[in-house]
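# Sharing a model that was predicted from the sequence below.
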Amino acid sequence: MPRNTSSKALAARSEANLWKQQEPVARQALSFVTTFLDCRMGSNNDARLDAAAFERLLAILRAVSIVESRHGTVGANQPARDPIQCGNPGDVWWKEFTGQLEQQDRFVRGPDFTKNYDASELGDGAEGFAGFPAAARRDLLSELTDGHDDPKFSASHSYVWGSFYLIHRINRQISGATYKCGDLSRDRLINGAVKYNGGGVADYRDRIVRALAEFGDPLASPFTILETPTPSMRLSDVLSSIAQSGLSVRRLEVTYHASGELASTTLDFDAVAASVLASDDLSQGQKIPNQTEDATCGAITKKIGRTDPEFANLVTNNNADIVFKDEEKTGADRVMSARLKTGLDALATSVKAEWPGVKLRVTEAWDENGEHTGNSLHYEGRAADITLSTIDGSKLGRLARLAVNAGLDWVFFENSAHVHVSVKK
């Protein structure tokens with residue numbers, strides 16, 4: 001039979017192919033921006049973004065990329081360098097960002113952070129935060145105020161700095177703060193895209209709607225937000241787990257953010273009784289394989305700092321199924337090698353299957369503050385200390401076994417508070 005392919009289908013495939021080229025850069029940019037802003041959702045804007053919420057934000061970013069430049073292929077204003085047209089040197093946003101205007105937007109971050117930024121301060125703050133995409137650095141440009149007219153302006157500049165402004169325009173006027181994503185409804189996101197444009201195109205909303213239709217309009221799909229439990233509910237769950245475990249607790253330490261949100265609960269248990277462990281669970285002090293960490297994973301080459309070239313090889317883990325303690329409030333606990341991320345992501349899936357409602361919790365990963373002794377693999381982002389969101393010491397032996405099964409190269413049931421895992425280079 002002859003093929004009867006509609007022009008609409010051809011256009012959709014063409015858009016998909018173009019987006020395939022831009023998506024890795026756009027996804028990395030949006031992941032960083034939502035982490036840096038500590039974006040939240042829900043009726044009280046206290047629930048962290050989950051994977052579905054992130055994809056909704058990515059969908060509106062994709063639609064803007066279609067309308068502004070058809071993913072870097074159409075337009076008179078440097079479309080290849082600036083797919084979402086955030087770097088036009090004559091636009092208000094770029095003038096604010098580069099400090100040319102006295103009146104500036106204020107970027108208000110979520111409850112994990114106390115530091116907020118005016119538009120002209122945003123660059124310094126973001127570039128000093130863990131996981132910043134190196135290709136978007138401002139010092140790569142010869143003249144920052146030239147924006148996308150600078151020959152070294154890139155798609156990474158566009159998606160990073162444009163995503164900041166897009167999220168701000170989506171949320172600021174409705175919720176009162178940049179980080180408050182609310183219900184992430186279709187209308188809210190589309191209206192935010194129109195505000196991003198600034199009113200220069202009369203039919204911009206219609207163009208966004210048509211752009212969404214090109215890739216199936218994922219914003220039309222039902223979206224439900226599970227509200228975040230209150231701090232008292234979370235603490236109650238922790239205490240209940242302790243009672244059910246039958247273990248003896250030496251120390252219980254509860255800390256809260258200034259906002260009143262539960263930050264962390266730390267427990268020191270007495271040694272776990274052998275009767276609690278399953279036959280293949282690790283016992284406290286056991287390591288797999290039974291040799292030194294360096295012998296298995298290799299010694300570190302250097303302690304990686306944010307300004308070192310090796311830092312660009314580390315990745316930021318934004319897995320919604322993992323809780324990151326982040327006591328430093330720098331995002332460092334999310335920074336790690338790609339191999340470690342792969343192992344922790346696999347382990348997070350196993351934890352969900354083993355204990356419904358429980359998440360993997362990372363208390364330490366990359367260390368930039370010299371908190372570990374010797375040449376710890378934490379300094380290269382190749383090690384993590386892990387526990388569970390319920391802080392249940394009776395499950396650590398099982399967690400260690402799941403870590404082995406998830407493919408982490410060296411697993412050490414170090415003490416009653418956590419399991420240490422590490423990977424090869």
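Ah, there it is.
# what about residue 344, distance to residue 356?
Distance of residue 344 to residue 356, computed by CB to CB, to the nearest Å: 19 Å. Just so you know, the C-beta spots here come from the backbone N, C-alpha and C atoms, and that holds for glycine as well.
# whoops, residue 362 was the one
From residue 362 to residue 356 the distance is 20 Å (CB to CB).
# between the two, which one's more packed in?
For residue 362 and residue 356, the more surrounded residue by other CB atoms under 10 Å is residue 362, and the numbers stand at 26 against 7.
# how far does whichever strand or helix holds the more buried one sit from the chain's center?
With secondary structure defined by DSSP states H and E, residue 362 is part of strand 360-364. The chain centre lies 14 Å from the centre of strand 360-364; the measure is CA atoms, centre = their mean, to the nearest Å.
# Mind listing residues that contact that strand?
317, 321-325, 327, 333-334, 344, 347-348, 351, 371-372, 378, 383-389, 391, 399, 418 (CB atoms under 8 Å, 6 or more residues apart in numbering).
# Mind exporting the C-alpha coordinates of that strand to CSV?
Extracted in CSV, the C-alpha atoms of strand 360-364 (Å, rounded to 0.1, in the frame of the first residue of the first chain):
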residue,chain,number,x,y,z
LEU,A,360,16.8,5.8,50.0
ARG,A,361,18.5,8.6,51.9
VAL,A,362,22.0,10.0,51.1
THR,A,363,23.7,11.8,54.0
GLU,A,364,27.0,12.4,52.3
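# packing partners for the helix or strand just after that strand?
Downstream of strand 360-364, the first helix or strand assigned by DSSP H and E is strand 383-388. Here strand 383-388 touches helix 338-354, strand 360-364, helix 396-405, strand 419-422, going by 3 or more CB pairs under 8 Å, 6 or more residues apart in numbering; DSSP states H and E.
# Out of those, which is the most enclosed?
The highest average neighbour count among the helices and strands packed on strand 383-388, using mean count of other CB atoms under 10 Å, belongs to strand 419-422 at a mean of 26.
# What strands line up against it, and which way round?
strand 383-388 (antiparallel), strand 410-412 (antiparallel) (DSSP bridges).
# Need these in TSV (columns: mean neighbour count, distance to residue 75 and mean pLDDT).
Listed next are these as TSV, based on neighbours: other CB atoms under 10 Å; distance: least, CB to CB, whole Å; pLDDT from 0 to 100:
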stretch	mean neighbour count	distance to residue 75	mean pLDDT
strand 383-388	25	44	94
strand 410-412	24	51	94
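# CSV for those, including distance to residue 16?
Shown next, in CSV, are the strands paired with strand 419-422 (distance: least, CB to CB, whole Å):
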stretch, distance to residue 16
strand 383-388, 36
strand 410-412, 41
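# Of those, which is nearest residue 188?
For residue 188, the closest of the strands paired with strand 419-422 is strand 383-388, at 34.5 Å, according to CB to CB.
# Now do that closest one: distance to the chain's middle.
Here strand 383-388 is found 18 Å from its chain centre; the criterion is CA atoms, centre = their mean.
# which residues sit against that strand?
293, 336, 340, 344, 347, 351, 355, 358-365, 376-378, 395-396, 399, 403, 414, 417-423.
# Then stretch 141-152?
77-78, 81-82, 85, 87-89, 91, 94, 98, 100, 138, 140, 153, 157-158.
# So which bits of that stretch are buried?
141, 144, 146-150 (16 or more other CB atoms under 10 Å).
# gap between the two ends of that stretch?
Terminal residues of stretch 141-152 lie 6 Å apart, using CA to CA, to the nearest Å.
# as a whole number, average confidence for it?
Across stretch 141-152, pLDDT averages out at 97.
# and it, how far from the chain's centre?
28 Å.
# Repeat that for stretch 119-134.
15 Å.
# Identify the residues contacting residue 15.
Contacts of residue 15 by CB under 8 Å, 6+ apart are 66, 70-71, 214-215.
# Now with 7 Å, please.
66, 214-215 (CB atoms under 7 Å, 6 or more residues apart in numbering).
# One more: residue 181?
Taking CB under 7 Å, 6+ apart as the test, what residue 181 contacts is 39-41, 49, 53, 171.
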